[in-house]
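Q: Next one to model:
(4 chains)
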Protein chains: 2
Amino acid sequence: MSAVNCTPSVGRPRAFDIDTALEKALEVFWRKGYDGTSLSDLTEAMGINKPSLYAAFGNKEQLFLKAIEMYESRPCSFFLPALEKPTAYQVAEHMLHGAAMNMADTSHPQGCVVVQGALSCSEAAATVKEALINRRVEGEQKLCARFERAKQEGDLPASADAETLARYLGTVLQGMAVQANNGASSEQLRQVAEMTLLAFPRAG
Amino acid sequence: MSAVNCTPSVGRPRAFDIDTALEKALEVFWRKGYDGTSLSDLTEAMGINKPSLYAAFGNKEQLFLKAIEMYESRPCSFFLPALEKPTAYQVAEHMLHGAAMNMADTSHPQGCVVVQGALSCSEAAATVKEALINRRVEGEQKLCARFERAKQEGDLPASADAETLARYLGTVLQGMAVQANNGASSEQLRQVAEMTLLAFPRAG
DNA sequence: AGGGTTATTTACCGTTGAGTACAGATATCT
DNA sequence: AGATATCTGTACTCAACGGTAAATAACCCT
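A: Next up, the predicted model:
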C-alpha cells in the first residue's frame, strides 16, 4: 500500500540514478514536447529500459509531471528568487533578466518547458496541458500577490493595477520562450527586457 | 508534369470543397498542434477519407503548410493591415489590439497556430517547425522594416532601435498567444496591449 | 452510348506507439 | 545458505500511426 518512492532496503538495487534519469527525460520533453516525445526517445536518453521507466515513474504522463516538478525546483530557476527582491521594479527586472539569460542558454533546450511542453496537444495530453496552464497561471498569481504587497509597501503607486502588471510581465516572459525557440540570443532577449521595463511603474 | 491545383474539367468532380476542408484541417492543427493531430482527426473533421486527403493535399506535412498559408491570408488576419497604418505607434496599436481581439476569439481555437502549431515537436515535424519559425521571424522583419521607414518619415525618433522595437512587439504578440491558451479574455489581453504601448516611443 | 479521366470507398500495408508478462539477476534479512 | 524482495532485459501485446493499392463510381468529350 505504501506509495513512497524512497529506496527500499531489500531487493536488487536500482542500477541508475533517479534524478539523473529525470534530468534526461526533462531535456527530451523540453526539446520535443509531450506529444512529440516517444517512450523510445525517453528510454534512449535515460539509458534505461521501458520496464525500469514504468517501475520508477509510473507512466509517460507521470514522468512528465515529475520532470516539470524538477524543472521548477532547479537551482538555475529564476522565478522564485526574483520574487523576493525588495521592490516590484526589481522583481520585474530580475525576472526579465533571468529569463533572458536562461531561455537562450545553449546548455539546455531553448525556451521554457512549462510554456512549450504541451501548448497545443492531442487529447491524450489534456491532463498534462492543464497542469502546465495551472503552473503558468499560478506564476502570474504569485506575481500579482507580490505587486499587491508592493503597493502596500509603497514601492508601487496605489493606482497601479497589480493584476495587469502581472499579466503583462507573464506575457513578455512567455513570449520570450517563443523568441528563444526562434533562435533569439540572450542579448536580444535582454533588450526586450529593457523595453518591457520602460512600461513598468517605478517607486512613487 | 503540371503541378497546378485548379479543378480539372474532366473526370469525376471532387465531392468536397477544398477550401472548406482546409479550414477544418486548420482548426484541428490549431487546436492540437502538428504532432498532436492524427490523420483520423483530420479526415473526421474534414469529412473525407484518407485517399481523398492525400490526392488533394499531398500528405500531412503539406496539408499543414497549406493550412498555415490559408491562416495568414484570412480576412480576419490582423497583421498585414496593421502594417499599413500611418505611424509606427498606430501600427503597434492596431496590431496589439487586433491580436487581443483575435487570439481570445472563441469562434476558433485560442492563440495563434503559427506560434503553437509546432513549438516543441518530434523530428518528424522538423520541417514544419522550421516553416513556422520562418513565418515568425519574417513577421518581425516586416515590423522592423516598417519601423525603419517610420524613422525616415519622422514619426519615430532617429534614436529608436527598430529591430528591438520589432522584437519587443513580436515577443508580446507571441506571449499573447500563450495567454490566450491560458484562458485570458480579449479584455485582459487588451490591458496587456495598453501596457505594452506605454514603452513604445511616440512621434518626435 | 462508350472511352477517358478523376474521385471515392474499402481494405490493406509495414511501422511505431504506449504499456506489460515473465524469467533471470542481485541485493538484504534471517 | 536460503528465503524474500526488488530491479533488469527480452520479448511480447494490441491499437494507432502515416500512407497506399485496387476496385468502383461519376463526370466530360466525342
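Q: Any stretches of chain A with poor pLDDT?
A: A:1-6, A:204 (pLDDT under 70).
Q: For it, what lies in contact range of DNA strand C?
A: A:9-13, A:37-41, A:50-51, A:54, A:59-61 (CB under 7 Å from any atom of the strand). The C-beta positions use only the backbone N, C-alpha and C, and glycine is treated the same way.
Q: if we look at chain B, which of those are close to it?
A: When the residues of chain A next to DNA strand C are checked against chain B using CB under 8 Å from any CB of the partner chain, the ones in range are A:37-38.
Q: So of the residues of chain A next to DNA strand C, which two are at opposite extremes in space?
A: The largest separation in these, counting by CB to CB, is between A:9 and A:38 at 34.6 Å.
Q: the more surrounded of the two?
A: residue A:38 (13 against 6; other CB atoms under 10 Å in any protein chain shown).
Q: so who does the more buried one touch?
A: residue B:122 (CB atoms under 8 Å, 6 or more residues apart in numbering or on different chains).
Q: Quick one: the helices in chain A, in order.
A: A:18-36, A:39-46, A:50-57, A:60-72, A:79-83, A:88-103, A:113-116, A:126-153, A:162-182, A:186-198 (DSSP state H).
Q: and residue B:66, which of those helices is closest to it?
A: Of all these, helix A:18-36 comes closest under CB to CB, at 21.3 Å.
Q: is DNA strand D contacted by that closest one?
A: No: Helix A:18-36 lies apart from DNA strand D when judged by CB under 7 Å from any atom of the strand; the minimum separation is 9.3 Å.
Q: Return the distance of that helix from the chain's centre.
A: What separates the centre of helix A:18-36 from the centre of its chain is 13 Å, taken as CA atoms, centre = their mean, to the nearest Å.
Q: Give me the angle between it and helix A:126-153.
A: 110 degrees (axes from the mean of the first three to the mean of the last three CA atoms, to 10 degrees).
Q: If we go by neighbour counts, what in helix A:18-36 is buried?
A: Neighbour-count burial for helix A:18-36, counted by 16 or more other CB atoms under 10 Å in any protein chain shown, picks out A:21-36.
Q: From the contact counts, what lies against that helix?
A: helix A:39-46, helix A:50-57, helix A:60-72, helix A:113-116, helix B:18-36 (3 or more CB pairs under 8 Å, 6 or more residues apart in numbering or on different chains; DSSP states H and E).
Q: now do 7 Å
A: Contacts defined by 3 or more CB pairs under 7 Å, 6 or more residues apart in numbering or on different chains; DSSP states H and E place helix A:18-36 against helix A:39-46, helix A:60-72, helix A:113-116, helix B:18-36.
Q: report the angle between the axes of that helix and helix A:60-72?
A: Using the same axes, to 10 degrees: helix A:18-36 against helix A:60-72 is 120 degrees.
Q: what sits against whichever residue of chain A sits closest to chain B?
A: Nearest to chain B in chain A, going by CB to the nearest CB, is residue A:175, at a distance of 2.9 Å. By CB atoms under 7 Å, 6 or more residues apart in numbering or on different chains, the contact list for residue A:175 reads B:171-172, B:174-175.
Q: Considering those residues, which is situated nearest to residue A:121?
A: residue B:174 (17.9 Å).
Q: Please report how far residue A:87 lies from DNA strand C.
A: 45 Å (CB to the nearest atom of the strand, to the nearest Å).
Q: Contacts only, for that residue.
A: A:150, A:155, A:203 are the contacts of residue A:87 under CB under 7 Å, 6+ apart.
Q: My guess is residue A:48 contacts residue A:18. True?
A: No: applying CB atoms under 7 Å, one finds residue A:48 not in contact with residue A:18, separated by 10.3 Å.
Q: hang on, the earlier thing: wait, which of the buried residues of helix A:18-36 is closest to DNA strand D?
A: Nearest to DNA strand D among the buried residues of helix A:18-36: residue A:21, at 9.3 Å, using CB to the nearest atom of the strand.
Q: give me every residue that touches that closest one.
A: A:46, A:48.
Q: Close to DNA strand D: what parts of chain A are there?
A: A:7-8, A:10-16, A:48-52, A:55-56.
Q: Looking at those, spot the one nearest DNA strand D.
A: The closest of the residues of chain A next to DNA strand D, once distances to DNA strand D are taken by CB to the nearest atom of the strand, is residue A:11, at 2.0 Å.
Q: Can you check the distance spanned by stretch A:52-62, start to finish?
A: Its first and final residues considered, stretch A:52-62 spans 14 Å by CA to CA, to the nearest Å.
Q: Show me what counts as buried in that stretch.
A: A:52-53, A:56-57, A:60.
Q: From the centroid of chain A, which residue is nearest?
A: residue A:114 (4.5 Å; CA atoms, centre = their mean).
Q: quick one: that residue from DNA strand D, how far?
A: 25 Å.
Q: Residue A:94 contacts residue A:83, correct?
A: No: applying CB under 7 Å as the test, residue A:94 and residue A:83 come out as separate, 8.8 Å apart.
Q: Now residue A:155: closest residue in space that isn't a chain neighbour?
A: Nearest non-adjacent residue to residue A:155, counting by CB to CB, 6 or more residues apart in numbering or on different chains: residue A:87, 4.1 Å away.
Q: Backbone dihedrals for the one you found, both of them.
A: When read as degrees, to the nearest 10, the backbone of residue A:87 gives phi -130, psi 160.
Q: any idea how far residue A:162 is from it?
A: Distance, residue A:87 to residue A:162, using CB to CB, to the nearest Å: 14 Å.
Q: Residue A:94 too?
A: 18 Å.
Q: Likewise for residue A:196?
A: With CB to CB as the criterion, residue A:196 and residue A:162 are 16 Å apart.
Q: Out of those two, name the residue with the larger neighbour count.
A: residue A:196 (26 against 18).
Q: coming back round to it: residues in contact with the residue nearest to the centre of chain A?
A: A:68, A:132, A:135-136.
Q: Perfect, that will be all.
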